[in-house]
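Enquirer: Next come a sequence and a model predicted from it.
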Amino acid sequence: MAQDRTAAMRQDGPTGVRAVLGPTNTGKTHLAIERMCAHSSGMIGFPLRLLAREVYDRVVKIKGEGQVALITGEERIEPKGARYLLCTVEAMPVMERSMAFVALDEAQLAADRERGHVFTDRLLHARGREETMILGSATLEPMVRALVPGAEIVTRPRFSTLTHAGAKKLSRVPPRSAIVAFSAEQVYAIAEMLRRFRGGAAVVMGALSPQTRNAQVALYQSGEVDYLVATDAIGMGLNLDIEHVAFAGLSKFDGVRQRRLTTAEMAQIAGRAGRHQKDGSFGTLTGSGGHDAEFAAEEIYAIEEHRFPPLTKLFWREPEPRFDSLSTLIADLGLPPERPELAPAPEAIDLAVLRRLSEEATVAESVRTSGQVRRFWEVCRLPDFRQQGAETHSRFVARLWQDLRQGELGADFVAGQIAQLDHTSGDIHTLQGRIAAIRSWAYITQRPDWVLARDEMAARARAVEARLSDALHGKLTERFINRRTAVLMKKLGPDAGLLSVRLEEEEVLVEGEHIGSLRGFTFQVDPAARLSDRKLLLAAAERHLPGLLHKRAEALVTAIHEGTAAIALRDGALIWDGQVVARLGAGRSLLSPALIPDRALDAVPAPIRKVLVAALEAWLETALAPLSALAKLDEASRAPEAGPDLRALLITLIESGGILPREGSGVDRIDKTRRTMLARLGVRVGTLDVFVPAMLRPVPIALWRQLAQVAGKACGSEPEPHMPPTLLFAGKQSVPGYRDLGKQRLRIDIAEKLLREAHDARVCAGNRAQSFMLDPGRAVSMGLSGASYARLLRLGGFQPILPRTLADGAHGPLPQVRWRWRPPRRQIESQLPLPPRQGSAFAALADLVRG
């Protein structure tokens, strides 16, 4: 029994026991590490697994990996012959007397309701051969003097001072602050608000795995975020560069009732502010909804001066109960302590589970021998990582016992249970639940006789916990941290000019964070940004974009001068990098439009903007060069010698894109001298049309259409990309450069060529009144049907002479259609000809041509 061990300890005396007591930030843990490393062997017990892991990494760097062991409930790294052990308090081998040095960290937790009895047992019995250190708060001093008589008491002053800073709104909390709340819901709400207007915060809660906590802490320590939102888990072991601690409330639920924090608990949390020689401050958060969210004057005095009521009782529970039966075990665990300084420990979760299951007949019947009772108690001591209470936890323990009572768990079964949890999808709550579950299996796989292939299963559990922790860290970062806003909030001030701003392709990066894209000279805020972030991003762009725009403008001007600028003219606008940089407006003539810079160019610095506009005007002049044939007509129309008739014709030609039906054009009224001028200008007077051959190309037509649209004039449909000789008739809108021939359209210059060949055939016939034959071969080779060819000839003044058809029963070659020249009276060109009679010679000619 433990009383016997305590008596034996008193008889031996507390040789080499030293209690190093004081507030936070006194270097107690650092001193213990130094002392342990000065001995040939040593062991330190910590209240948290993450603390044990942190110190393990430090000692490994000093002593080497093969000399240091990590022993916790969920993780064991035990090299053969390791001489330095870093443990959680529960995992400390208490009766191990081979260690030269032993230390117990945060010993004041012996007054904790749930775990206090474990710390009390270690305080009484954990000893080193040469030196023992008890580290804790100064409130522990009376208990050390009473329970460890003769121990050396050393008090250490805090390296820095703590000052009360009063209450602040969340928006006024300074950077490098920690905001402490006492529920997960409140932690999430505060972190969400900080994300909106401060770029986010790291989140630390007891429910997170050690790996996730460390990853979140690293975000804060690296300066990526300036705020940390945490539960009271921050009060122990997290040594951070915090300058201010703001309490969102001053009460918490301790597992039994909602109560106000003690001054010692307040100081433990507030003491996170100010590390080493740097002073810190603490205060409360206004508007958090707590009725008690303000410090009393005596509490402020106690925290600032480190004066707290001493502990008068430590919790104790029989550490070595008898295992004769379940009833004996339960009775021993409920024994009262013999010393007045010790108080019976409240019922912890392991004892609550033991009592519940012992009342179930099926469980009680399976626990009969002393060995079974001992093993059953070990199973009941499985920590409740899920934090779901005794009822839910006892059901899990009962299922586990049913498997363990027969022996070890099979490797396949354990591997299956671990694999079920190996999923990184889901929200924060789901991932936290999986991490709690895998921590249970990590604990199970660490027990020496619970699992077959223990080392392999333990490694699998740790790997799954690591993956889930990474996923949870990612989810927390995604939800509560806006890196872009955090960066901008730090530098959107007098030193904004110091920001590193650069352009990668189209992405604008400020201090490496994407704030939007720059296309052309238009800045577009990142579409994924929240509405609340848009003003901030626009403000950042307003401060830092002029330099980028200046460089872009210079680059575009250079490209225009070198002829390599990728500018396009579409729908009356100059397009560069997918954005409009200028538009065409009405100018002094259709061929001389005005260039109107787009409003996006207003953000370009004025001097380079003027140079850019001039360069764009020069580019436009070059782009309109394919319209030079029309430009000659425009210039000639202003010459005095043109005369009114020619001037009217030239203006009409320009406005119609260099293509004009001859009928009604007035060309027949022009005298011979001015017809010569017309020919010199490159205008061809055809049978049906007056046109400029240079305009019968896709590029000039497309340019003219855009200028006509700007001037508000009709311009027909889109030009054909390759301008083939013939087109099928589709739609009622005319196609520039083509003449309608019923079901087909024929390019104007080809139409004139076919009509010229028909006149040549007429001339060869020798007599104007004499009929003649026409070879449709060229028309057919150009894709023109017989009906369309016949319509063209009739429009050009040729009339067919239809031969007599063969009599019924007669045989012989088909009679040929002959033509004669009969210049028609002026007809309305849209009038369609009547189709040839079925069975006529002309219909036969059409069929022959089609065939």
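Expert: Cool, got the structure.

Enquirer: hey, let's count contacts and neighbours off CA atoms from now on
Expert: Fine.

Enquirer: Surely P800 is in contact with W819?
Expert: Yes: contact status for P800 versus W819: in contact at 4.5 Å, counting by C-alpha atoms under 8 Å.

Enquirer: In stretch 644-651, which residues are buried?
Expert: Across stretch 644-651, burial judged by 16 or more other C-alpha atoms under 10 Å covers 645-647, 649-651.

Enquirer: quick one: contacts of it?
Expert: By C-alpha atoms under 8 Å, 6 or more residues apart in numbering, the residues outside stretch 644-651 that reach it are 633-634, 636-638, 665-667, 669-670, 674.

Enquirer: CA atoms only: put it into PDB for me.
Expert: Extracted C-alpha coordinates of stretch 644-651, given in PDB (Å, rounded to 0.1, in the frame of the first residue of the first chain):
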ATOM      1  CA  PRO A 644     -19.700  67.100-108.300                       C
ATOM      2  CA  ASP A 645     -20.700  63.900-110.100                       C
ATOM      3  CA  LEU A 646     -17.400  62.200-109.400                       C
ATOM      4  CA  ARG A 647     -17.200  63.500-105.900                       C
ATOM      5  CA  ALA A 648     -20.600  62.100-105.100                       C
ATOM      6  CA  LEU A 649     -19.700  58.700-106.600                       C
ATOM      7  CA  LEU A 650     -16.400  58.500-104.600                       C
ATOM      8  CA  ILE A 651     -18.100  59.400-101.300                       C
END
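
Enquirer: that older thread, looking at the contacts of stretch 644-651, spot the one nearest V611.
Expert: D634 (29.1 Å; C-alpha to C-alpha).

Enquirer: Shouldn't that closest one be within a helix?
Expert: Yes: checked against DSSP: H, G, I helix; E, B strand; the rest coil, D634 lies within a helix.

Enquirer: residues in contact with it?
Expert: Counting by C-alpha under 8 Å, 6+ apart, D634 touches 650-651, 654.

Enquirer: wait, which of those is closest to G578?
Expert: I654 (31.1 Å).

Enquirer: Spatially nearest residue to the closest one, not counting backbone neighbours?
Expert: L630 (6.0 Å; C-alpha to C-alpha, 6 or more residues apart in numbering).

Enquirer: contacting residues for that neighbour?
Expert: The neighbours of L630, taking C-alpha under 8 Å, 6+ apart as the test, are 591, 654, 657-658.

Enquirer: How about A267?
Expert: Counting by C-alpha under 8 Å, 6+ apart, A267 makes contact with 303, 306.

Enquirer: Secondary structure element holding it?
Expert: Per DSSP states H and E, A267 falls inside helix 263-270.

Enquirer: same deal with F282?
Expert: Using DSSP H and E, F282 falls in strand 280-285.

Enquirer: what does Q402 give?
Expert: Assigned by DSSP H and E, Q402 falls in helix 389-404.

Enquirer: Show me how far that helix is from its chain's centre.
Expert: 41 Å (C-alpha atoms, centre = their mean, to the nearest Å).

Enquirer: buried sites along that helix?
Expert: Residues of helix 389-404 classed as buried: 390, 393-394, 397-398, 400-401, 404 (neighbour count, 16+ other C-alpha under 10 Å).

Enquirer: Now render those as TSV, adding distance to D526.
Expert: Shown next, in TSV, are the buried residues of helix 389-404 (distance: C-alpha to C-alpha, whole Å):
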residue	distance to D526
A390	49
H393	47
S394	51
V397	51
A398	54
L400	52
W401	55
L404	56
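
Enquirer: gap between the two ends of stretch 632-642?
Expert: 13 Å (C-alpha to C-alpha, to the nearest Å).

Enquirer: Could you do stretch 29-47 as well?
Expert: Terminal residues of stretch 29-47 lie 12 Å apart, using C-alpha to C-alpha.

Enquirer: who touches it?
Expert: 52, 55, 59, 63, 83-89, 92, 99-106, 128, 133, 135.

Enquirer: thinking again about what came up before, counting by contacts, list what the helix holding Q402 packs against.
Expert: When contacts are defined as 3 or more C-alpha pairs under 8 Å, 6 or more residues apart in numbering; DSSP states H and E, helix 389-404 packs onto helix 349-358, helix 370-380.

Enquirer: Helix 370-380 and that helix, what's the angle between them?
Expert: 130 degrees (axes from the mean of the first three to the mean of the last three C-alpha atoms, to 10 degrees).

Enquirer: Can I get helix 389-404 as CSV, trimmed to CA atoms?
Expert: Only the C-alpha atoms of helix 389-404 are listed here, as CSV (Å, rounded to 0.1, in the frame of the first residue of the first chain):
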residue,chain,number,x,y,z
GLY,A,389,-18.4,11.1,-20.6
ALA,A,390,-18.4,8.0,-18.5
GLU,A,391,-21.5,6.5,-20.0
THR,A,392,-20.3,6.5,-23.6
HIS,A,393,-16.7,5.7,-22.7
SER,A,394,-17.7,2.7,-20.6
ARG,A,395,-19.4,1.1,-23.6
PHE,A,396,-16.2,1.4,-25.6
VAL,A,397,-14.2,0.0,-22.7
ALA,A,398,-16.7,-2.9,-22.3
ARG,A,399,-16.3,-3.9,-26.0
LEU,A,400,-12.6,-3.7,-25.7
TRP,A,401,-12.6,-5.9,-22.6
GLN,A,402,-14.6,-8.5,-24.3
ASP,A,403,-11.8,-8.8,-26.8
LEU,A,404,-8.9,-8.5,-24.4
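
Enquirer: Toward the C-terminus, what is the element adjacent to it?
Expert: Following helix 389-404 in sequence, per DSSP H and E, is helix 411-420.

Enquirer: just how off-centre is that following helix within its chain?
Expert: With C-alpha atoms, centre = their mean, you get 34 Å for helix 411-420.

Enquirer: what do you get for stretch 723-733?
Expert: 51 Å.

Enquirer: and what of stretch 430-444?
Expert: 28 Å.

Enquirer: What strand or helix carries I575?
Expert: Assigned by DSSP H and E, I575 belongs to strand 573-576.

Enquirer: Next, count neighbours for G766.
Expert: 11 (other C-alpha atoms under 10 Å).

Enquirer: sorry, that was for G664
Expert: If we define neighbours as other C-alpha under 10 Å, then G664 has 9 of them.

Enquirer: Make 55 the starting number, not 1.
Expert: Shifting the count to begin at 55 puts that one at G718.

Enquirer: Tell me the buried residues in the strand or helix carrying the residue nearest to I708?
Expert: Per DSSP H and E, L684 falls inside helix 682-690. Buried residues in helix 682-690, counting neighbours by 16+ other C-alpha under 10 Å, are found at 683-685, 687-688, 690.

Enquirer: out of the contacts of stretch 83-101, which are buried?
Expert: With burial judged by 16+ other C-alpha under 10 Å, the buried subset of those is 106, 109, 113, 137-143, 146, 153-160, 182, 187, 189.

Enquirer: circling back: format the contacts of stretch 698-705 as CSV; extra columns: pLDDT.
Expert: Below are the contacts of stretch 698-705 laid out as CSV (pLDDT from 0 to 100):
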residue, pLDDT
L687, 89
D688, 88
A690, 88
S691, 87
R692, 87
S719, 84
G720, 86
V721, 86
R723, 86
I724, 86
R728, 87
